[in-house]
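Enquirer: Just the structure for this:
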Amino acid sequence: MSEKTSKGITLIRHHAAIVEAAAARIFPTTSTPGATEAGVTNYVSRLLTEAYPSLAGLYRNGCRAFDRHAKRRFGLGFLRIPESNQDAVLTDFEAGQVPDFKQASEFFETLRSHTMEGILGEPAYGGNRDMIGWKLVGFPGHQFGYSDSYINRPVDLEPVAVDRPYPKEEDWRGKSR
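Expert: As a prediction, this is how the structure comes out:
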């Protein structure tokens with residue numbers, strides 16, 4: 001069951017935790033920040049609530065299937081198995097080898113894409129917290145121009161994100177007008 005908000009539908013806590021754990025295995029924290037630090041779960045939640053509520057069902061069914069498949073293979077739900085076993089579950093999903101969930105591969109590809117978007121996308125959409133992803137790849141963000149000294153060499157400027165055109169979400173969504 002999903003939770004209904006004033007904006008739309010979002011994932012229940014258990015499913016959000018599964019998304020967090022799966023994203024952390026797709027883009028793990030190593031000597032550099034990973035999906036968790038970048039706020040991928042926040043990005044996915046906002047995505048499902050604001051931009052793509054039609055994907056909420058795929059996420060709910062996919063999270064349930066992660067749990068079922070983990071229990072079938074390892075005797076415990078997805079969140080309770082070791083990371084190496086979580087990787088095995090993700091591998092099965094990627095290959096579409098989940099007998100009772102025909103959309104396994106589709107769900108995995110959607111989650112992987114949203115994980116990468118949440119790491120590397122514009123921070124205004126809820127991910128890429130503190131521009132972690134941009135710092136990892138050396139992207140300077142939305143600069144207003146580059147001097148000639150930056151032509152044909154890496155840019156060593158701190159990343160800059162754009163501000164939303166409205167300071168508060170209520171203004172952005174037209175609720176306080």
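Enquirer: Tell me which residues of the helix or strand harbouring residue 113 come out buried.
Expert: In the assignment (DSSP states H and E), residue 113 maps to helix 104-120. Neighbour-count burial for helix 104-120, counted by 16 or more other C-beta atoms under 10 Å, picks out 104-105, 107-108, 110-112, 114-120. Glycine gets a C-beta too; all of them are placed from N, C-alpha and C.
Enquirer: what sits up against it?
Expert: Helix 104-120 has contacts (C-beta atoms under 8 Å, 6 or more residues apart in numbering) with 19, 22-23, 26-27, 34-35, 38-44, 47, 55, 58-59, 61-62, 65, 90, 92-98, 101, 125-128, 132-134, 136-137, 139.
Enquirer: Now restrict these to buried residues only.
Expert: Burial of the contacts of helix 104-120 was assessed by neighbour count (16+ other C-beta under 10 Å); the buried members are 19, 22-23, 26-27, 34-35, 38-44, 47, 55, 58-59, 62, 65, 90, 92-94, 98, 101, 125-128, 132-134, 136.
Enquirer: for the next helix-or-strand element following the helix holding residue 113, what is the average pLDDT?
Expert: The helix or strand immediately downstream of helix 104-120 is helix 132-137, counting by DSSP H and E. Mean pLDDT, helix 132-137: 93.
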